[in-house]
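**Student:** Next come a sequence and a model predicted from it.
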Amino acid sequence: MPELPETETIARDLDAALAGAVITGTTVTHADVLRGVSAADADAAFRDVRVARVWRRAKLVVCELAGGTVAGGAVLAVQPRFTGALLLDAAAPDDPYVCVRWSLHDGRVLAYRDVRRLGTVSLFDAQGWHTYQRTLGIEPLDPALTAAEFSGYVRSSTRAIKAVLMDQRVIAGVGNIYATEALWGARLDPSRRACDLSTAEGDRLFDVLRELLPRAIAARGTSFRDYRDAHGGRGRFVEQLQAYGRSGAPCPRCGARLVGSDAIDGRMTVFCAWCQR
């Protein structure tokens, strides 16, 4: 957390609010989240830099930068992970969990807040960002991606299908919440070997993901505890979850008791042993 729908929500909000904004100052209070720039150099690195565009790649919020001292094509890439949040004028001035603050030319403040400080705030030059992107998998919502291509990527592994879905080197942006939900929707046992899926099952999983993720984006993501959008609001998709977080509850499809297990990569997986095969 946050996953694709949450980071997409944050990126869209920030793009609408920040495109064209100029950074006039940077304050770092917890330097351990920084990558590619030191706390001592951060203020100079970002001063007079313009935010050209904000978008999402995998589970990262990507700010394209221009002007100032940054080289052309530089990006600020924020990966919130478990408890991180990018907040625009929504963090208290004395909040001890704020790691970095960027002051903007119009008096607004963008803050990166992270209780556990497991997220990262990275400054990449153009080549570094290109190299990093090559480590990331396909985007499941890419309009050019076909069911056959998706199935080919997924079914090439002998690992459990849920582990493959959460592997950012294969499918970018899907984590525990949406892998759990997608497999429930596709009626697939999360522990099945990905290579054992039939073509029809691979196509069905593709179709479910392409319907599930936009629906979660429309609800502004899923908030259980920590996730907040750029304005401090909560996501509403928690109201639509069918499996994730519902261990012991009846399956919404068949009524059998949903089962929770941490056997796959040590992450809690909730599924229906009766109708997920």
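**Tutor:** All right, it came through fine.

**Student:** hey, where'd the helices end up in this structure?
**Tutor:** For the chain, helices defined by DSSP state H occupy the ranges 4-18, 39-46, 126-133, 147-154, 161-166, 176-185, 199-218.

**Student:** so which of those comes closest to Cys254?
**Tutor:** Cys254 sits nearest to helix 176-185 of all the helices of the chain, at 10.9 Å, using C-beta to C-beta. (Glycine included, C-beta is placed from N, CA and C.)

**Student:** That closest one relative to helix 199-218, how many degrees between them?
**Tutor:** 130 degrees (axes from the mean of the first three to the mean of the last three C-alpha atoms, to 10 degrees).

**Student:** hmm, who's touching helix 176-185?
**Tutor:** Contacts of helix 176-185 from elsewhere in the structure, counted by C-beta atoms under 8 Å, 6 or more residues apart in numbering, are 1, 3-5, 161-162, 165-166, 174, 189-190, 205, 208-209, 211-213, 216, 222, 241-244, 253, 267-272, 276.

**Student:** For the stretch 1-150 of the chain, which segments count as strands?
**Tutor:** Residue ranges of the strands in the stretch 1-150 of the chain, as given by DSSP state E, counting those that start in this stretch, are 22-28, 34-35, 49-57, 60-67, 75-79, 84-88, 98-104, 109-114, 120-124.

**Student:** What pairs with the last one, parallel or antiparallel?
**Tutor:** By that I understand strand 120-124. Paired strands of strand 120-124, with direction, are strand 34-35 (parallel), strand 75-79 (antiparallel) (DSSP bridges).

**Student:** For the ones you listed, please prepare TSV with the additional fields mean pLDDT.
**Tutor:** Compiled in TSV, those are given as follows (pLDDT from 0 to 100):
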stretch	mean pLDDT
strand 34-35	98
strand 75-79	98
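
**Student:** Tell me which of those sits most buried.
**Tutor:** strand 75-79 (a mean of 25; mean count of other C-beta atoms under 10 Å).

**Student:** Including mean pLDDT, mean neighbour count and distance to Arg228, could the helices of the chain go into JSON lines?
**Tutor:** As requested, the helices of the chain are arranged in JSON lines below (pLDDT from 0 to 100; neighbours: other C-beta atoms under 10 Å; distance: least, C-beta to C-beta, whole Å):
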{"stretch": "helix 4-18", "mean pLDDT": "98", "mean neighbour count": "23", "distance to Arg228": "9"}
{"stretch": "helix 39-46", "mean pLDDT": "96", "mean neighbour count": "17", "distance to Arg228": "23"}
{"stretch": "helix 126-133", "mean pLDDT": "96", "mean neighbour count": "14", "distance to Arg228": "26"}
{"stretch": "helix 147-154", "mean pLDDT": "95", "mean neighbour count": "17", "distance to Arg228": "31"}
{"stretch": "helix 161-166", "mean pLDDT": "97", "mean neighbour count": "24", "distance to Arg228": "23"}
{"stretch": "helix 176-185", "mean pLDDT": "98", "mean neighbour count": "25", "distance to Arg228": "16"}
{"stretch": "helix 199-218", "mean pLDDT": "97", "mean neighbour count": "18", "distance to Arg228": "15"}
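
**Student:** Indicate which one of those helices is closest to Val78.
**Tutor:** Across the helices of the chain, the minimum distance to Val78, taken as C-beta to C-beta, is reached by helix 4-18, at 8.6 Å.
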